[in-house]
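Engineer: Build me a structure from this.
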Amino acid sequence: MSDPSRLKPWRTRPGPGVHSITLSLRPGEILGLVGPNGAGKTTLLRTIAGVLPIQNGKLMLTSSAKETQLDSDSLRNIVGHMPEQVRWQGRQSVEDALLELAEMRGTSAKRVNGLLRLVGLGQRANAHLSDLSQGMRQRLTLAAALLGSPKFLLLDEPLNGLDPVAATAFVQLLHELKSKGVSIIISSHQVEGLEAITDRIALMHRGQLLANGTLAEIADSLELQPSILVSGPGKLPDLSWCEHRIESESAQDTWTIRLDHSGVDLLPKFIDRGIEVHSWNPKSPGIVELLCAATGMNIEEVGLEIASTAMLPHKSIGGEEE
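Structural biologist: Residues are numbered from 1 along each chain as shown. Purely as a prediction, here's the structure:
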């Protein structure tokens, strides 16, 4: 007997997607959505934006002690979505491209001019799209996301491809929006510098939310202690005696090591061995350390892994394994 499934070559089945997520976003707050490639960050953002349907669950808007369930149309009216890649190309001007989008959103030309000034493109309004730098393209994408005066802004890898100067300017713009009461979610797998941008962090892996809160709150949940960052002059000394060393590195004239928290009282032993120490500072766990602890992965796996389509639940922080 022939296999019935072969009679339907285009039949599909749902993938694992994202699941078991409960997340809130407060007015004027920046939330960092962090996880390895394939963690489900983009899928979650598209769902919140109303681009993807919710198969099981709901999105609620709370205001003045009143809760309203949001459908896709309602979400598009209050949410601005900045995808990871938007190809702005051609000889069309920056202003004309944004005006076309504004017409579809029912937004005035005055609003378009104001947004171009807000994102720093006021002087480039007549520039051709193909002549824009990567930083300018990111700014234009942000302006497009802000056309409807959204209360919530979803940014998918917004700093990708930006040089340090452009990235700094972009972050300053986000803080200006935050000061106006806009709530922002930044999705990123590049966590360097993200700690200084965000108010809270949400850790995702394999479609699940593992933990969310401030870095200190998540570190406490994971029972992670501060490490000790030690530096000194010259070449890296012999540390074979030190069982508390986590990592070390040496530059031309200085060395730096990191000790686990139980090495907090080791300074006298460094001095007794004639090791000159210039600094001895506690260092709170960073985002990468939190993500490694929450997923059980090492740094290389967190940075490079592409999660498989298999549903492999992880233990939720403070809960039981599913």
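Engineer: Low-confidence stretches in the chain?
Structural biologist: 1-16, 190, 192, 299-322 (pLDDT under 70).
Engineer: all helices of it, in order?
Structural biologist: 41-48, 72-78, 94-105, 109-118, 134-145, 164-179, 194-197, 215-221, 267-272, 287-295, 299-304 (DSSP state H).
Engineer: Summarise which helices and strands the first one is packed against.
Structural biologist: Going back to what we said before, that points to helix 41-48. Of the remaining helices and strands, those touching helix 41-48 by 3 or more Cβ pairs under 8 Å, 6 or more residues apart in numbering; DSSP states H and E are strand 30-34, strand 79-82, strand 152-156, strand 183-188. Every C-beta, even on glycine, is put in place using the N, C-alpha and C of the backbone.
Engineer: Dump the ones you listed into CSV; add distance to residue 175 as well.
Structural biologist: Below are those laid out as CSV (distance: least, Cβ to Cβ, whole Å):
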stretch, distance to residue 175
strand 30-34, 8
strand 79-82, 16
strand 152-156, 12
strand 183-188, 9
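Engineer: Tabulate the ones you listed (TSV), appending distance to residue 198 and mean neighbour count.
Structural biologist: Output for the helices and strands packed on helix 41-48, formatted as TSV (distance: least, Cβ to Cβ, whole Å; neighbours: other Cβ atoms under 10 Å):
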stretch	distance to residue 198	mean neighbour count
strand 30-34	4	24
strand 79-82	16	23
strand 152-156	11	23
strand 183-188	7	24
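Engineer: Of those strands, which is nearest residue 200?
Structural biologist: strand 30-34 (5.1 Å; Cβ to Cβ).
Engineer: I'd like to know which of the helices and strands packed on helix 41-48 is closest to residue 242.
Structural biologist: So among the helices and strands packed on helix 41-48, strand 30-34 is nearest, using Cβ to Cβ, at 31.3 Å.
Engineer: Could you list every helix and strand that that closest one packs against?
Structural biologist: Counting contacts by 3+ Cβ pairs under 8 Å, 6+ apart, strand 30-34 packs against helix 41-48, helix 164-179, strand 183-188, helix 194-197, strand 200-205, helix 287-295.
Engineer: Adjacent strands (with direction) for that strand?
Structural biologist: Using DSSP bridges, the strands paired with strand 30-34 are strand 183-188 (parallel), strand 200-205 (parallel).
Engineer: Identify whichever of those strands lies nearest to residue 288.
Structural biologist: strand 200-205 (10.7 Å).
Engineer: residue contacts, residue 33?
Structural biologist: 41, 44-45, 185-188, 202, 204 (Cβ atoms under 8 Å, 6 or more residues apart in numbering).
Engineer: With distance to residue 105 added, can I get those residues in a markdown table?
Structural biologist: Formatted as a markdown table, the contacts of residue 33 follow (distance: Cβ to Cβ, whole Å):
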| residue | distance to residue 105 |
| --- | --- |
| 41 | 25 |
| 44 | 24 |
| 45 | 19 |
| 185 | 21 |
| 186 | 23 |
| 187 | 23 |
| 188 | 27 |
| 202 | 29 |
| 204 | 30 |
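Engineer: how does the chain divide into domains?
Structural biologist: As recorded under automatic domain parsing, the domains making up the chain are 19-220, 227-283.
Engineer: Among those domains, which comes closest to residue 291?
Structural biologist: Of the domains of the chain, nearest to residue 291 by Cβ to Cβ is domain 19-220, at 5.6 Å.
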